[in-house]
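**Q** Can you look at this prediction? I've put the sequence above it.
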Amino acid sequence: MAFAESADLTMYYRAAGPQDAPRVVFLNSLGTDCRIWDDLILELGGRIRSLRYDERGQGLTQSPDGSYTITDHADDLAGLLDSLRWGPTILCGLSIGGMIAMAAAVRRPDLVKALVLADTADLIGPREFWDTRISQVRADGLEPLAATVMERWFGSSYRRKQPVAVRGWTALLARAPVNGYLGSCAALRDADLGGLLGSIRVPAICICGSEDQSTPTSAVRSLAERLPDATYYEIPGAGHLAPVERPDEFGKIVLQFLESDRV
């Protein structure tokens, strides 16, 4: 187990892969932790040097009380990369992780050489959605919410064919740190990165599951169109956690990007 300090935050991370391979940092989604990338990293094999970490409020990283911002998350990432001397690197972010990656590319362009943006957008949901979610979790905790969220996380085929896995992911969300979950809900509620997109000059790919209900294909395609140098890809049948549900297809897209002359 490895821990590092970023400002006043103790963060958990895992690094693996050949030292001379392309460096890719993976940023997870709300209510999960760095384990969501395990199958994808196995799929990518020894062709990358990977860094996974638990974002503030998740997994084994500290969970400060109060509301977080996307800037807080981006600065945590920058602090971690500085402490490990990992930049410049490729950031692969899912959902809120994609928003963090975009914010980091603006705040610390010296650390970022390319972006893989999965099932994310510059604005995710209206404020009212997040205010309602925060009120529900404060009143009842995460367990009642967890089962219903699975319909947003995964496509219909995965839910039907992989019931054991879905129960496992339900347990992961139900056991997430409540104060950390609420803090990042506030970050999503308050984040609107639309005005920053034009200043993200690194090459990017935007990937979306066709059954994503949280960041639908129209939102992710629009993100790709508004970024200065981005390409859109769609994974048929996948939901919001496309790299979890389809690590093989997702991995092929990532490797194609890494091996192109754009990176």
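**A** Received, thanks. Residues are numbered from 1 along each chain as shown.

**Q** Which secondary structure state is assigned to the spatially closest residue to residue 107 that is not a sequence neighbour?
**A** Once flanking residues are discounted, residue 107 sits nearest to residue 74: 5.3 Å by CB to CB, 6 or more residues apart in numbering. Backbone N, C-alpha and C define where each C-beta goes, glycine included. Following DSSP: H, G, I helix; E, B strand; the rest coil, residue 74 is assigned to helix.

**Q** and residue 74, how many neighbours does it have?
**A** Neighbourhood size, residue 74 [other CB atoms under 10 Å]: 22.

**Q** repeat for residue 161
**A** Counted with other CB under 10 Å, residues neighbouring residue 161 total 10.

**Q** Give me the pLDDT for it.
**A** Residue 161 carries a pLDDT value of 97.

**Q** Next one: it from residue 245, what distance?
**A** Here the criterion is CB to CB, to the nearest Å. By it, residue 161 lies 11 Å from residue 245.

**Q** just to revisit the earlier point, list the contacts of the residue nearest to residue 107.
**A** Contacts of residue 74 were listed using CB atoms under 8 Å, 6 or more residues apart in numbering, and they are 100, 103-104, 107-108.

**Q** where does residue 238 fall, phi/psi-wise?
**A** Dihedral pair for residue 238: phi -90, psi 150, per degrees, to the nearest 10.

**Q** Name all residues that make contact with it.
**A** For residue 238, the contact set (CB under 8 Å, 6+ apart) comprises 154-155, 158, 209-212, 245-246, 249.

**Q** one more time with 6 Å
**A** Shown in contact with residue 238 (CB atoms under 6 Å, 6 or more residues apart in numbering): 155, 209, 245-246.

**Q** okay if I get the residues you listed as JSON lines plus secondary structure, distance to residue 29 and pLDDT?
**A** Below are the contacts of residue 238 laid out as JSON lines (DSSP: H, G, I helix; E, B strand; the rest coil; distance: CB to CB, whole Å; pLDDT from 0 to 100):
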{"residue": "155", "secondary structure": "coil", "distance to residue 29": "15", "pLDDT": "97"}
{"residue": "209", "secondary structure": "strand", "distance to residue 29": "12", "pLDDT": "98"}
{"residue": "245", "secondary structure": "helix", "distance to residue 29": "12", "pLDDT": "97"}
{"residue": "246", "secondary structure": "coil", "distance to residue 29": "15", "pLDDT": "98"}
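
**Q** Show me which of those residues is closest to residue 21.
**A** residue 246 (22.8 Å; CB to CB).

**Q** Just want to check the distance between the closest one and residue 30.
**A** Using CB to CB, residue 246 is found at 20 Å from residue 30.

**Q** Also residue 98?
**A** Counting by CB to CB, the gap from residue 98 to residue 30 is 11 Å.
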